[in-house]
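# Model the following, please.
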Amino acid sequence: MINLDSQSPRHSVSVAGIVVDDYGRALLIRRLDTRRWEPPGGILELGKSIHDGLRRKVREETGLDVVPIALSGVYKNMPRGIIALVFRCKITGGALATNEEVTDFRWVTESETPRLMTEAYAVGVLDALHDPGPAAVRPHDGVHLL
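Residues are numbered from 1 along each chain as shown. Coordinates of the predicted model:
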């Protein structure tokens with residue numbers, strides 16, 4: 001039997017959408033709090049399904065409606081215990097709009113991606129931009145792949 005008392009280590013699950021346009025570019029957001037570029041997403045709420053949570057987070061951060069096409073990777077931030085489910089997504093509606101969390105947007109190519117963010121975030125974008133195949137599973141320390 002598994003002991004789920006308050007002393008047991010916990011994991012957190014996040015979702016991120018790699019929104020890809022017709023030119024094969026990925027959409028990044030610039031977060032107000034960190035000023036960093038990253039894909040839209042966030043912590044998956046307990047009562048939400050994975051796809052509903054993903055669509056909600058992308059909509060909140062970008063103004064776009066998306067549909068997940070494929071799970072492109074599963075990533076674990078080892079020190080923080082955060083498991084990220086990253087999906088390649090297609091736009092189905094809406095319009096880009098900044099908000100209290102997001103100050104800017106940028107469509108990036110595969111070659112631009114590593115210069116704009118840490119390796120831990122860039123690999124999720126790059127995995128989603130590559131041809132569909134089995135989802136990547138990768139551990140990292142929050143900055144670098146392990």
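
# quick check, Gly53 in a helix?
Yes. Applying DSSP: H, G, I helix; E, B strand; the rest coil, one finds Gly53 inside a helix.

# so it sits right up against Glu45, yeah?
Yes. With contacts counted by Cβ atoms under 8 Å, Gly53 reaches Glu45, the gap being 5.9 Å. In this view, the C-beta of every residue, glycine as well, is placed from N, C-alpha and C.

# So between the two, which is more surrounded?
Gly53 (21 against 13; other Cβ atoms under 10 Å).

# Quick one, grab the pLDDT at the more buried one.
Predicted confidence (pLDDT) for Gly53: 97.

# Quickly note the distance from the nearest residue to it once chain neighbours are set aside to Val15.
Closest residue in space to Gly53, ignoring its immediate chain neighbours: Leu44 at 4.4 Å, by Cβ to Cβ, 6 or more residues apart in numbering. As judged by Cβ to Cβ, to the nearest Å, Leu44 and Val15 stand 5 Å apart.
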